[in-house]
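> pasted the sequence and its predicted model underneath.
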Amino acid sequence: MARGTQHRKRRPTADARVTEPKASAKKGKQVQHASWEDQLFFSRLRVHAKWVFLLLAVVFAFSFVIFGVGSGSTGIGDVLGNWFSGSSSSSQSVSSAEKKTIERPKDPAAWRELATVLQQNDRTAEAAVALERYSDLRPKDERPLQELGSLYRLEADKAAQRYVDAQTTVQALTPGSAFRPAASSPLGKAFDDPLSTAVTESTSTVTADAYSDYIVAQGQAVDAYKRLVALNPRDATNQFQLASVAQTAGDSKTAVAAYRKFLALAPDDSLAPAAKRALKELTAPATPATTGG
């Protein structure tokens with residue numbers, strides 16, 4: 001009985017020994033399975049990490065440009081905001097300056113301020129009107145006349161550019177005579193395009209208006225420099241400016257007189273050779289036209 005009892009008591013121990021390797025093997029198998037999953041996860045993470053980092057870099061660059069993240073500014077939003085605020089503030093400045101001239105129409109300072117604000121907003125034609133008003137109130141001030149001369153010359157240049165652009169448009173829409181059939185032929189009559197004709201007529205109107213604006217602006221520039229010379233006739237620079245503007249405007253009489261006064265005041269000036277050449281051209285006798293016989 002004792003041996004049987006001992007034998008029974010040993011069997012659970014033997015069973016434990018037998019089952020322990022199975023449990024440990026199963027446990028080891030689970031650990032190996034978990035390690036394999038971890039390796040698979042991190043390998044996938046390494047494969048896709050570069051795309052994640054690339055995406056983050058693109059997002060950061062986009063936010064840097066658009067919103068100014070990390071740059072101390074607001075990027076394009078800042079630029080657009082500045083543009084809208086700038087245009088709004090400039091319009092408010094013009095309105096404020098105009099209001100002052102309405103409230104104080106005989107105040108030269110108000111008109112001077114309005115002219116300055118208009119020039120800053122590239123409204124040169126309106127700025128010239130304001131400067132003319134200022135000059136009427138302060139007729140002996142040379143500075144606004146200098147500015148007026150420059151503004152009128154700028155307006156003349158703008159008109160000349162409009163004229164050239166319109167002429168270029170007409171030439172681009174009108175085919176050359178070598179490629180166009182005779183206007184009297186049936187094909188020539190069919191060749192006339194109503195749309196092209198309308199555009200040509202429109203551009204012709206633009207060229208006529210631009211040429212008229214050019215002549216007017218040139219005349220206004222000459223008048224401004226004449227008034228400037230009248231205030232200070234011994235200023236050689238003013239004389240040369242009057243002469244060059246009058247020559248461009250086709251006012252030969254005024255140009256010749258101003259060039260001669262300039263040479264009398266500053267014969268050794270660096271502009272003297274140019275003045276002499278201009279005088280020679282303006283005073284040269286007209287060459288009679290020759291006719292074939």
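Sure thing, it's come through. Numbering: from 1, shown residues only.
> residue contacts, L114?
Counting by Cβ atoms under 8 Å, 6 or more residues apart in numbering, L114 touches 94, 97-98, 100-101, 127, 130. In this view, the C-beta of every residue, glycine as well, is placed from N, C-alpha and C.
> tell me how far it lies from S212.
Counting by Cβ to Cβ, to the nearest Å, the separation of L114 from S212 is 27 Å.
> list the buried residues in stretch 111-125.
Counting neighbours by 16 or more other Cβ atoms under 10 Å, one finds that the buried residues in stretch 111-125 are 111-119, 124.
> what about that stretch, average pLDDT?
Taken as a whole, stretch 111-125 has an average pLDDT of 94.
> export it to CSV, keeping only CA atoms.
Provided in CSV are the C-alpha atoms of stretch 111-125 (Å, rounded to 0.1, in the frame of the first residue of the first chain):
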residue,chain,number,x,y,z
TRP,A,111,-4.5,121.3,-53.3
ARG,A,112,-0.8,120.5,-52.9
GLU,A,113,-1.7,117.5,-50.7
LEU,A,114,-4.3,116.3,-53.2
ALA,A,115,-1.8,116.6,-56.1
THR,A,116,0.8,114.5,-54.1
VAL,A,117,-1.7,111.8,-53.2
LEU,A,118,-3.0,111.5,-56.8
GLN,A,119,0.6,111.2,-58.1
GLN,A,120,1.3,108.4,-55.7
ASN,A,121,-1.7,106.6,-57.1
ASP,A,122,-0.6,107.2,-60.7
ARG,A,123,-3.5,109.5,-61.5
THR,A,124,-1.3,112.0,-63.3
ALA,A,125,-4.0,113.8,-65.2
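> before we move on, back to that, closest to R162 out of the contacts of L114?
Within the contacts of L114, the smallest distance to R162 is 18.8 Å, found for A127 (Cβ to Cβ).
> any chance of the buried residues of stretch 111-125 in a markdown table, plus secondary structure and distance to K280?
A markdown table is the format used below for the buried residues of stretch 111-125 (DSSP: H, G, I helix; E, B strand; the rest coil; distance: Cβ to Cβ, whole Å):
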| residue | secondary structure | distance to K280 |
| --- | --- | --- |
| W111 | helix | 42 |
| R112 | helix | 41 |
| E113 | helix | 45 |
| L114 | helix | 44 |
| A115 | helix | 39 |
| T116 | helix | 41 |
| V117 | helix | 44 |
| L118 | helix | 41 |
| Q119 | helix | 37 |
| T124 | helix | 34 |
